[in-house]
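Undergrad: would you be able to build a 3D model of this:
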Amino acid sequence: MPDYNNIILFTVFSILATAASIQLFYYFFFYLAVYVHKPAKINTRKEPISIIICARNEAENLRNFLPSVLEQDYPDYEVIVVNDCSEDNSYEILGEFLKKYPHLKISTVNKDPKFTHFKRFAQFIGIKAAKNDILLFTDADCHPESDKWIEKMTSHVDDKFTFVLGYGGYHSGKGLLNKYVRYDCMTIAMQYLGMAIRGVPYMGVGRNLVYRRSVFFENKGFGSHNHLVSGDDDLFVNSNASRKTTCVEFGDGSHTRSVPVTTLKAWVTQKKRHLTTAPYYRPSHKVLLATEPLTRVLFYTSFTSLCITNFFLPFTLAIFGLRLITQITVLSLVQKKLKEPGLLLYSIFFDIFSPVINGILYLSNSGNKRMYSAWK
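TA: Sure, this is the predicted structure:
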């Protein structure tokens, strides 16, 4: 009689080997690309730029971070702040900046109880108000890392490249939550930047993103995604960017940094909102994005099972070690590239649990209408 126990264990070992192979493919083909990437040819024309920032009740962030945008070392640019139904003193702070910075423009959306809208509407108002074709997006709680930010982010835009995907990280702080927020942000960037480098652009982040105004209107704006609370940035890229029209920029001076959430509840709400866009990605993108976390879960569960049963232990440990060494090496290189120090050891443990966390949050979104009432 066949030994069914050994057959089952051999099947589990095969799952481990297959999952590890797929994991190594993602690390070497997509993630390592972020480190070895060579920037596209720089366009030295320095065309006029319109920066768009949407803000709702962001008075303190505007006071703290807007000057770093207004004081960029760039010859011709405007900054459009869409003050969207703010109930704090944002208007007064923006009024003070208007006196000092002639290239600042304010578009105000007044509150109307009969008309509720998402951030996407404010984004549309800003795009309509822009006088230049090249648009650079960031948020009110972000600041550029250098005064060369505009130059860096727009240096590749020409007749070929109409989308530029940048990196928007979070400020480093104390506590495990801050580490996880930064890890989550870095690994998502490692994914969308790496995939774009390999010719599969599937998203960008509104904290640091460039595209042409003409492309926006030629493609009917946010189109069929207007009803969604989130996705004004990543879904527009997903629907309209291609291998030939997209490049990335995450060199020195091109990053932005944002204020991270400080409570678990706020992070869960933010993460669940971001996950609402996933079902609207292209089918091929969904497959690529689902395969990595799925094989990661299979990798860890099959490894644990084989260790418990002591089956093929030397080979099991060798496969695990190969994947671990690859993970540590690639993450270390990418952390240096994206300037995210202090995450390497935490990343090893976060790597185990993040697919489960994201899966639970994604499934909990089903039928949750409350999530669709948020602005940001």
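Undergrad: rest of the way, CA atoms for contacts and neighbours
TA: Fine.
Undergrad: tell me how far residue 20 lies from residue 13.
TA: Per Cα to Cα, to the nearest Å, residue 20 is found 10 Å from residue 13.
Undergrad: quick one: low-confidence parts of the protein?
TA: The model of the chain has pLDDT under 70 over residues 1-2, 112-116, 224-231, 366-376.
Undergrad: quick one: the strands in it?
TA: Counting by DSSP state E, the segments of the chain that form strands are 49-55, 77-84, 104-109, 134-139, 142-144, 163-166, 168-170, 209-212, 246-249, 256-258.
Undergrad: closest to residue 27 out of those?
TA: When the strands of the chain are compared by Cα to Cα, strand 246-249 sits nearest residue 27, at 18.3 Å.
Undergrad: pull the residues that contact that closest one.
TA: With contact meaning Cα atoms under 8 Å, 6 or more residues apart in numbering, strand 246-249 is reached by 39-40, 152-153, 156, 161-167, 193, 196-197, 201.
Undergrad: what's the most distant pair in those?
TA: 152 and 201 (19.5 Å).
Undergrad: and these two? Which one has more around it.
TA: residue 201 (29 against 19; other Cα atoms under 10 Å).
Undergrad: so how far is residue 66 from the more buried one?
TA: 29 Å.
Undergrad: what do you get for residue 9?
TA: 59 Å.
Undergrad: in terms of neighbours, single out the busier of the two.
TA: Neighbour totals were compared for residue 9 and residue 66, and residue 66 leads with 23 against 18 (other Cα under 10 Å).
Undergrad: which residue would you name as the spatial centre of the chain?
TA: Nearest to the mean C-alpha position of the chain, by Cα atoms, centre = their mean, lies residue 205 at 4.4 Å.
Undergrad: these two touch, right, it and residue 165?
TA: Yes. Under the criterion of Cα atoms under 8 Å, residue 205 makes contact with residue 165 at 7.5 Å.
Undergrad: in the sheet, who's paired with residue 169?
TA: residue 257 (DSSP bridges).
Undergrad: now the helices: where do they sit in the stretch 101-250 of the chain?
TA: Secondary structure of the stretch 101-250 of the chain by DSSP state H, counting those that start in this stretch: the helices cover 119-129, 149-154, 176-197, 213-218, 234-240.
Undergrad: separation between residue 25 and residue 216?
TA: In terms of Cα to Cα, residue 25 sits 34 Å off from residue 216.
Undergrad: who's more crowded, these two?
TA: Taking neighbours as other Cα under 10 Å, residue 25 and residue 216 compare with residue 216 leading, 18 against 14.
Undergrad: and residue 37, how far from residue 190?
TA: For residue 37 relative to residue 190 (Cα to Cα), the value is 12 Å.
Undergrad: of these two, which one has the most company?
TA: When residue 37 and residue 190 are compared for neighbours, residue 190 comes out ahead with 24 against 15, by other Cα under 10 Å.
Undergrad: contact partners for the closest residue to the more buried one other than its chain neighbours?
TA: Distances taken as Cα to Cα, 6 or more residues apart in numbering put residue 31 closest to residue 190, at 5.6 Å, once the chain neighbours are dropped. For residue 31, the contacting residues are 190-191, 194-195, 330, 334, by Cα under 8 Å, 6+ apart.
Undergrad: pull the most distant pair out of these.
TA: Spatial extent of the contacts of residue 31 (Cα to Cα) is set by the pair 195 and 330 at 15.1 Å.
Undergrad: so between those two, which is more surrounded?
TA: residue 195 (23 against 18).
Undergrad: wait, that one touches residue 189, no?
TA: No. Contact criterion Cα under 8 Å: residue 195 and residue 189 do not qualify, at 9.6 Å.
Undergrad: which neighbours do the two have in common?
TA: Counting by Cα under 8 Å, 6+ apart, residue 195 and residue 189 have no contacts in common.
Undergrad: tally of neighbours for residue 210?
TA: 31.
Undergrad: bridged to it, which residues?
TA: residue 136, residue 164.
Undergrad: and it, how far from residue 50?
TA: The value you get for residue 210 to residue 50, if Cα to Cα is used, is 10 Å.
Undergrad: which residues are in contact with each of the two?
TA: Joint contacts of residue 210 and residue 50 (Cα under 8 Å, 6+ apart) are 134-136.
Undergrad: columns neighbour count on top of the residues you listed, output as TSV?
TA: Below are these laid out as TSV (neighbours: other Cα atoms under 10 Å):
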residue	neighbour count
134	23
135	27
136	24
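Undergrad: just the C-alphas of stretch 87-97, formatted as PDB.
TA: Extracted as PDB, the C-alpha positions of stretch 87-97 are listed here (Å, rounded to 0.1, in the frame of the first residue of the first chain):
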ATOM      1  CA  GLU A  87     -13.700  74.400   8.600                       C
ATOM      2  CA  ASP A  88     -10.400  75.400  10.300                       C
ATOM      3  CA  ASN A  89      -8.300  78.400   9.600                       C
ATOM      4  CA  SER A  90      -6.800  77.100   6.400                       C
ATOM      5  CA  TYR A  91      -8.200  80.100   4.400                       C
ATOM      6  CA  GLU A  92      -6.400  82.600   6.700                       C
ATOM      7  CA  ILE A  93      -3.100  80.700   6.500                       C
ATOM      8  CA  LEU A  94      -3.300  80.500   2.700                       C
ATOM      9  CA  GLY A  95      -4.100  84.200   2.600                       C
ATOM     10  CA  GLU A  96      -0.900  84.900   4.400                       C
ATOM     11  CA  PHE A  97       1.100  82.800   1.900                       C
END
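Undergrad: alright, calling it a day.
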